[in-house]
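**Q** Below is the structure, and that's it, no one-letter string:
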């Protein structure tokens, strides 16, 4: 593990979390803000991470999609209690390409593909029965056929400018290391707990 490269360091922590976790280690809190700066946070699932950034998928017409459209900055927080570690990522956010979204959508379970079509994410729902009926109708419509990706559904990539690694320490003497991306690469500093 290189302390010069926070992405490989994240991959190492993520691999250890996958080996140790009883819950889903891909889960991360995603914070966005609307155009006035009012924050909003929810859980998303990490689907890919590399030097370009951290990728998750969602309905782009959802509340988070609207916030990202108006204010393309975001933060992610991964917390793995089994390791006593968390990783915070802050940066700009952009849509992934249609080709990347299509490729990932094809790997999803069929029921999840149907769910992407059935849900009007973040909009008011008159009754759960309406959602289940839409899901059932779509299942019949696409019976025996491939399900295309909905045009409003796709991926986002958080392009990191700051990545902080936090490790639990006794007496609240936690270990904190911050990486800040500059023109010449990553600056690495220690932070007080």
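**A** In hand now; what should we look at? Worth saying up front: this structure is predicted, and the values here are computed from it rather than measured.
**Q** Sort out which residues of the longest strand anywhere in the chain are buried, please.
**A** The residue-count maximum for a strand in the chain (DSSP state E) belongs to strand 153-167. Neighbour-count burial for strand 153-167, counted by 16 or more other Cβ atoms under 10 Å, picks out 153-160, 162-166. Where you see a C-beta, it was placed from the backbone N, CA and C, and this is true even at glycine.
**Q** all strands for this protein, in order.
**A** Applying DSSP E to the chain gives strands spanning 27-33, 39-45, 48-50, 53-59, 73-80, 85-95, 153-167, 175-182, 185-191.
**Q** now the ones you listed as JSON lines including distance to residue 102 and mean pLDDT?
**A** Listed next are those as JSON lines, based on distance: least, Cβ to Cβ, whole Å; pLDDT from 0 to 100:
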{"stretch": "strand 27-33", "distance to residue 102": "22", "mean pLDDT": "98"}
{"stretch": "strand 39-45", "distance to residue 102": "18", "mean pLDDT": "98"}
{"stretch": "strand 48-50", "distance to residue 102": "14", "mean pLDDT": "97"}
{"stretch": "strand 53-59", "distance to residue 102": "11", "mean pLDDT": "98"}
{"stretch": "strand 73-80", "distance to residue 102": "23", "mean pLDDT": "98"}
{"stretch": "strand 85-95", "distance to residue 102": "13", "mean pLDDT": "98"}
{"stretch": "strand 153-167", "distance to residue 102": "9", "mean pLDDT": "98"}
{"stretch": "strand 175-182", "distance to residue 102": "29", "mean pLDDT": "97"}
{"stretch": "strand 185-191", "distance to residue 102": "32", "mean pLDDT": "96"}
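**Q** got TSV for these, with distance to residue 119 too?
**A** Output for the strands of the chain, formatted as TSV (distance: least, Cβ to Cβ, whole Å):
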stretch	distance to residue 119
strand 27-33	18
strand 39-45	14
strand 48-50	22
strand 53-59	7
strand 73-80	21
strand 85-95	19
strand 153-167	9
strand 175-182	35
strand 185-191	38
